[in-house]
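Peer 1: please find the sequence and the predicted model below.
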Amino acid sequence: MSVETVLITGASSGIGLELARCFAADGCRLALASRKGDALEALAAELRKAHKIQAQVFTVDLAHPDSPNRLLAHLQSAGLKVDVLVNNAGFGAQGKFVELPLARQLEMLQVNITSLTHLTRLLLPGMIERRRGGILSVASTAAFQPGPGMAVYYASKAYVLSFTEALAEELAGTGVTVTASCPGPTATNFGAAANMNTLGLVKKISMSAASVAHISHRAYRRGQVVAITGFRNQLPAFLVRLVPRAAVRKITRRLNNVR
């Protein structure tokens with residue numbers, strides 16, 4: 001079998017960076033995408049040296065609606081056919097919906113949902129035609145309940161989980177697999193960007209980005225559709241199904257420090 005080409009969005013730091021290391025260890029050819037070109041170049045150089053692989057960098061901001069089409073054009077110009085799409089790019093924001101800037105929340109929807117969907121639609125037909133490859137999308141344990149205090153973020157991750165599960169069923173028998181990784185609090189710069197580092201829950205149970213990436217990578221290789229990273233995250237995701245929705249909303253509101 002030929003070498004897999006893996007496109008990873010949001011690859012410059014955190015879970016995306018660690019997933020790049022996982023796929024590099026597999027011997028894959030990497031296409032690394034992020035807004036931060038310098039960080040991508042440093043990562044690409046590290047992975048080329050450590051694993052003797054090919055790694056190319058594409059600087060792109062997926063908050064812009066035309067970015068998926070531009071990224072596809074760059075990939076085609078480089079002669080790359082993507083076998084595995086890792087939809088990792090995303091961000092959140094803590095605060096009441098009515099108090100957070102509208103523009104920032106619309107950008108969140110563009111990155112977390114629209115660009116993810118757009119890229120998936122652009123690249124999936126080639127995978128189906130070649131009968132190989134797949135999609136690994138980073139959702140969140142936030143996908144399992146509504147999130148007062150981070151309403152748009154939680155809703156966006158619920159979309160990613162639902163979309164992934166539906167695609168997995170549609171693609172059965174095609175040779176293409178789809179996985180949603182659902183991490184809980186993770187030690188990355190995500191929390192600082194979302195203004196979440198003051199939350200006690202985040203401080204107490206954060207996993208390392210490397211641990212989340214390894215679990216997610218392994219789940220994708222096994223063809224697992226939904227992967228909740230770590231037992232401490234699996235238990236609440238299960239229990240939320242048993243608790244009345246009204247209680248879930250109130251508990252989440254308290255955890256997110258909404259007054």
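Peer 2: Arrived safely, thanks for sending.
Peer 1: all the strands of this structure, in order from the start?
Peer 2: Counting by DSSP state E, one finds strands in the chain at the ranges 5-9, 29-34, 55-59, 84-87, 134-138, 177-182, 186-187, 207-208, 226-228.
Peer 1: can you list contacts of the first one?
Peer 2: By CB atoms under 8 Å, 6 or more residues apart in numbering, the surrounding residues in contact with strand 5-9 are 16, 19-20, 23, 28-34, 62, 75, 80-89, 115, 119, 123. (C-beta placed from N, C-alpha, C; glycine too.)
Peer 1: could you do the third one as well?
Peer 2: Strand 55-59 has contacts (CB under 8 Å, 6+ apart) with 20, 24, 29-37, 40-41, 43-44, 47-48, 71, 74-75, 78, 80.
Peer 1: what average pLDDT does the top helix by length along the chain get?
Peer 2: In the chain, assigned by DSSP state H, the helix with the most residues is helix 151-170. The predicted model gives helix 151-170 an average pLDDT of 98.
Peer 1: Cys20 and Arg29 touch, don't they?
Peer 2: Actually, residue 20 is Ala rather than Cys. No - under the criterion of CB atoms under 8 Å, Ala20 lies out of contact with Arg29, with a separation of 11.6 Å.
Peer 1: off-centre distance for the longest helix of the chain?
Peer 2: Going by CA atoms, centre = their mean, to the nearest Å, the spacing between the C-alpha centre of helix 151-170 and its chain's C-alpha centre is 11 Å.
Peer 1: just the buried residues of the contacts of strand 55-59.
Peer 2: The neighbour-count criterion (16 or more other CB atoms under 10 Å) marks 20, 24, 29-34, 36, 40, 43-44, 47, 71, 74-75, 80 among the contacts of strand 55-59 as buried.
Peer 1: the stretch 1-150 of the chain: helices as residue ranges?
Peer 2: Assignment of helices within the stretch 1-150 of the chain using DSSP state H, counting those that start in this stretch yields the ranges 14-25, 37-51, 67-77, 102-109, 116-130.
Peer 1: report pLDDT for Gly27.
Peer 2: In the prediction, the pLDDT value recorded for Gly27 is 97.
Peer 1: quick check: it vs Leu161, distance?
Peer 2: Between Gly27 and Leu161 the computed distance is 30 Å (CB to CB, to the nearest Å).
Peer 1: could you do Thr59 as well?
Peer 2: Here Thr59 is placed at a distance of 29 Å from Leu161 (CB to CB).
Peer 1: still on that earlier bit, could you dump the helices of the stretch 1-150 of the chain to a markdown table with distance to Arg245?
Peer 2: As requested, these are exported to a markdown table (distance: least, CB to CB, whole Å):
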| stretch | distance to Arg245 |
| --- | --- |
| helix 14-25 | 29 |
| helix 37-51 | 40 |
| helix 67-77 | 34 |
| helix 102-109 | 23 |
| helix 116-130 | 26 |
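Peer 1: quick check: which of those is nearest to Tyr220?
Peer 2: Evaluated with CB to CB, these place helix 14-25 nearest to Tyr220, the distance being 9.1 Å.
Peer 1: buried residues in that closest one?
Peer 2: Using 16+ other CB under 10 Å as the burial criterion, the residues of helix 14-25 that qualify are 14-24.
Peer 1: before we move on, what about stretch 76-83?
Peer 2: Within stretch 76-83, the residues that qualify as buried are 80, 82-83, counting by 16+ other CB under 10 Å.
Peer 1: sorry, back to before: looking only at neighbour counts, state which of Gly27 and Leu161 leads.
Peer 2: When neighbours are counted by other CB atoms under 10 Å, Gly27 and Leu161 differ, and Leu161 comes out ahead with 21 against 11.
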